[in-house]
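Peer 1: Sequence and predicted structure are below.
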Amino acid sequence: MPIAAILTLLFIGGCKDNSPKQKSTKQPAITVVDTNSVENNIVEPEEEFKLTEENAIEFFFEYQQDLKVDKVKLTTSMGSFVIQLYDNVPYHKANFIFLTRAGYFNGTQFHRVVENFIIQGGNADDKATADRRRKIGRYLLPPDTRKGYKHHRGTISMPSSESDNPHKLASPYEFFIVVTNPGSYHLDGDFTPFGKVIQGMDVVDKINKVRVGKGDWPAKNVYIEKAEVLE
């Protein structure tokens, strides 16, 4: 069975199960124990946990169980704005909160700007961002498009992976914000809205007006200097 189909089945199954045996909001760890080392009072270090296509759905299912926060503030080189995340889009919300707390977005850029359409963030042209991605892991998220949310102006949504991806699995490290007034509704059904800008939309508009070069990348980099969860 293709990985994309497995992810989708896991996603559907996860939504039906509201009472997992164990709830945890902490990052799990995989411990390797060598019995010979234990006998000699030597403790082997824990292996570094990484998200994969096989464990991401289970991880975010548990992560979102006791997640009470729903707002993230993004401070950019052009000002700051606040996003409120939708509670009933749990995997995408949990992913965004997790990456924010992990410090992933700090130092990334708005790498694609299409005037009167969107600004897209979460990537960068430096080695540090690629290193952070490798450390966190490689995974995709299944779409969650049937909650009734549309791509109104100010909506934050998640783009699909650029790889062979007929099921529109989402690229978890990136996001885009709709600037079109009243919205870009041709995106509905293909991408997952998971929140909206509730403060600082003027900053989003300002970013959307910057001069861009090849590939819609701003001629002058627009950085996310800090992303923080508002507790």
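Peer 2: Nice, thanks for sending it over. Values in this document were obtained by computation on a predicted structure and should not be read as measured data.
Peer 1: Next one: Glu115 relative to Pro182, how far apart?
Peer 2: As judged by Cβ to Cβ, to the nearest Å, Glu115 and Pro182 stand 17 Å apart. C-beta coordinates here come from the backbone N, C-alpha and C atoms, glycine included.
Peer 1: So if I had to pick from the two, which one is more boxed in?
Peer 2: The residue with more neighbours, out of Glu115 and Pro182, is Glu115; 13 against 10, by other Cβ atoms under 10 Å.
Peer 1: which ones are touching the closest residue to the more buried one other than its chain neighbours?
Peer 2: Spatial nearest neighbour of Glu115, chain neighbours left out: Asn208 (6.0 Å); criterion: Cβ to Cβ, 6 or more residues apart in numbering. Going by Cβ atoms under 8 Å, 6 or more residues apart in numbering, Asn208 touches 113-119, 179.
Peer 1: Of those residues, which belong to helices?
Peer 2: Among these, no member is found in helices (DSSP state H).
Peer 1: mind giving me JSON lines with those and columns for pLDDT and distance to Lys168?
Peer 2: Formatted as JSON lines, the contacts of Asn208 follow (pLDDT from 0 to 100; distance: Cβ to Cβ, whole Å):
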{"residue": "Val113", "pLDDT": "98", "distance to Lys168": "22"}
{"residue": "Val114", "pLDDT": "98", "distance to Lys168": "19"}
{"residue": "Glu115", "pLDDT": "97", "distance to Lys168": "25"}
{"residue": "Asn116", "pLDDT": "98", "distance to Lys168": "24"}
{"residue": "Phe117", "pLDDT": "98", "distance to Lys168": "19"}
{"residue": "Ile118", "pLDDT": "98", "distance to Lys168": "16"}
{"residue": "Ile119", "pLDDT": "98", "distance to Lys168": "20"}
{"residue": "Val179", "pLDDT": "98", "distance to Lys168": "22"}
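Peer 1: TSV please, covering those and showing distance to Val82.
Peer 2: Listed next are the contacts of Asn208 as TSV, based on distance: Cβ to Cβ, whole Å:
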residue	distance to Val82
Val113	20
Val114	23
Glu115	23
Asn116	23
Phe117	22
Ile118	18
Ile119	15
Val179	16
